[in-house]
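[1] my questions concern the predicted model and sequence given below.
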There are 2 protein chains.
Amino acid sequence: MNTRDKILATAKNLILKVGYNAFSFSDISVPLGIKNAAIHYHFPGKEALGCAVIRKEHENVIKWKNEVDKLDPWQKLERFFRVYDKNMVHNRICMVGSISSDLYAVPESMRDCLHAMVVDINQWLTELLEEGRRLGTFQFHGPAEGKAAVVVTSLAAGLQIARVLGSDKFEQIKNQIKLDITPTKDDN
Amino acid sequence: MNTRDKILATAKNLILKVGYNAFSFSDISVPLGIKNAAIHYHFPGKEALGCAVIRKEHENVIKWKNEVDKLDPWQKLERFFRVYDKNMVHNRICMVGSISSDLYAVPESMRDCLHAMVVDINQWLTELLEEGRRLGTFQFHGPAEGKAAVVVTSLAAGLQIARVLGSDKFEQIKNQIKLDITPTKDDN
DNA sequence: TTTGTTACTTACCTACAAGTAAGTAAGTTT
DNA sequence: AAACTTACTTACTTGTAGGTAAGTAACAAA
């Protein structure tokens, strides 16, 4: 792993742990054993670094979508949960939750990067729920778009609230999400 | 309204809009037409101010709970939604979402204040859902605690994601929450 | 071999944040 | 009237943040 990628990885971790405005260049340079100015060699400024982190995360989302493409709806959902689980164990929140909660305190370019990513995630989950309902794998009322919004926000804020109430709360949320889309015998 | 309360109100707004770490004393003193040091007269430091804001919010929650105490479950839920609506129109997020997403970047005393408040909200909503289910007003699967967690996180992150995708997304979430607890004809 | 490029470091600058000590004007108490 | 309290302001200190200009060691290309 080259220095540039190490900087990106460290910055990503910091954004998910303390937020964009709460980390400094030293929080990256000291653990990596480099100087602050080395970060400026790879990225013109903090804003560009922030954008690069979000764009890389977005690329990872796209790769991940292709990876899980052939799985069935429940497996896809479980894989989706696993993304949040990985953050949960490190007391991190998700990128969307971190940047959007600080949205009016980050540069506009970062908002644009985040927007593109959120649209993608939202669309993927909406299609998954729609497909699952069509196949009878999932059951829920109302538009898939609304259901997708509830699912993704429960997970995002689930990571946040779990910091306060413990990881059990996050487990409860995942279980409830599953219960809420599990088919029952009624056919209304 | 005295200066102390004006400082508290301004600080609360800033926390909900840009987060605890992204506002400075000048963001409070300039609009109020006072000097930075005046804030230090009323509050020893930023940490104490942050705690005072959360504690006041917690007190408001307690008062609010008493206000809505006699309403029926659906009315209580609508009143709960209204709290989030009021933040939505100002592009604010909720106190719990703001502080918990920056939790490892705020002083420990603030985390303690937030914890007490989150426990209270969580308990109130759990009891509401439990009561609603007992009365047949609401219908959902699994423990009320898990359902409460899904509802409150959907609303909290709903405010966050609505900053990126627009307020329609928040409306979708509220509708979906209602659909997901509306009784159907099945009696499994 | 000299020229250029990559990947940094050294040393420095500017801005601004939080915090504080001392002062002050207005009102309150004794 | 003297002393004290309230609610600030003035003026200052300290720390740190992001950023930059200039230098350098290692290696590659012409």
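    Here it is on my side, so go on.
[2] how about the helices in chain A?
    Assigned by DSSP state H, chain A shows helices spanning A:3-17, A:25-32, A:36-42, A:46-67, A:73-88, A:95-101, A:108-135, A:144-165, A:167-181.
[3] against which helices or strands is the third one packed?
    When you say that, I think you mean helix A:36-42. helix A:3-17, helix A:25-32 (3 or more CB pairs under 8 Å, 6 or more residues apart in numbering or on different chains; DSSP states H and E). Just so you know, the C-beta spots here come from the backbone N, C-alpha and C atoms, and that holds for glycine as well.
[4] chain center to the longest one, what's the gap?
    By that I understand helix A:3-17. 15 Å (CA atoms, centre = their mean, to the nearest Å).
[5] OK, contacts around A:Ala144?
    Counting by CB atoms under 8 Å, 6 or more residues apart in numbering or on different chains, A:Ala144 touches A:Thr126, A:Glu127, A:Leu129, A:Glu130, A:Arg133.
[6] now with 10 Å, please.
    A:Leu125, A:Thr126, A:Glu127, A:Leu128, A:Leu129, A:Glu130, A:Glu131, A:Gly132, A:Arg133, A:Arg134, A:Phe138, B:Gln176 (CB atoms under 10 Å, 6 or more residues apart in numbering or on different chains).
[7] roughly how far apart are the second one and A:Val151?
    Meaning A:Thr126. 10 Å (CB to CB, to the nearest Å).
[8] tell me which of the two has more neighbours.
    Taking neighbours as other CB atoms under 10 Å in any protein chain shown, A:Thr126 and A:Val151 compare with A:Val151 leading, 26 against 19.
[9] ok, for the residue nearest the centre of chain A, nearest residue in space, not its chain neighbours?
    Residue closest to the mean C-alpha point of chain A, counted by CA atoms, centre = their mean, is A:Cys94 at 3.9 Å. Nearest residue to A:Cys94, sequence neighbours excluded (CB to CB, 6 or more residues apart in numbering or on different chains): A:Ala156, at 5.3 Å.
[10] you'd agree the one you found is up against B:Ala157?
    Yes. Applying CB atoms under 10 Å, one finds A:Ala156 in contact with B:Ala157, separated by 4.3 Å.
[11] overlap of the contact sets of those two?
    A:Ile93, A:Cys94, A:Val96, A:Gly97, A:Ser100, A:Ser101, B:Gly97, B:Ser101.
[12] just the pLDDT for the third one.
    Each residue has a pLDDT score; the one for A:Val96 is 98.
[13] burial measure for it, as a count.
    If you count neighbours by other CB under 10 Å, A:Val96 ends up with 24.
[14] likewise for A:Leu14?
    A:Leu14 has 22 nearby residues by other CB under 10 Å.
[15] contacting residues for it?
    By CB under 10 Å, 6+ apart, the contact set of A:Leu14 is A:Tyr20, A:Ala22, A:Phe23, A:Ser24, A:Asp27, A:Ile28, A:Pro31, A:Val53, A:Arg92, A:Ser98, B:Tyr104, B:Ala105.
[16] again, but for A:Val83
    Applying CB under 10 Å, 6+ apart, we find A:Val83 in contact with A:Asn60, A:Val61, A:Trp64, A:Val68, A:Cys94, A:Ile121, A:Leu155.
[17] now the residues you listed as CSV including distance to A:Met110?
    Listed next are the contacts of A:Val83 as CSV, based on distance: CB to CB, whole Å:
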residue, distance to A:Met110
A:Asn60, 17
A:Val61, 16
A:Trp64, 21
A:Val68, 27
A:Cys94, 15
A:Ile121, 16
A:Leu155, 22
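[18] ok, and the most crowded of those residues?
    The residue in those with the most neighbours, by other CB under 10 Å, is A:Leu155 (28 neighbours).
[19] what number of residues are in the vicinity of the residue nearest to A:Thr153 when sequence neighbours are not counted?
    Closest residue in space to A:Thr153, ignoring its immediate chain neighbours: B:Ala157 at 3.6 Å, by CB to CB, 6+ apart. Neighbourhood size, B:Ala157 [other CB under 10 Å]: 33.
[20] what about B:Ala157, distance to B:Lys147?
    16 Å.
[21] find the nearest non-adjacent residue to A:Gln176, please.
    Spatial nearest neighbour of A:Gln176, excluding adjacent residues (CB to CB, 6+ apart): B:Gly146 at 3.8 Å.
[22] number of residues surrounding that neighbour?
    24.
[23] before I go, just wanted to say thanks for your time.
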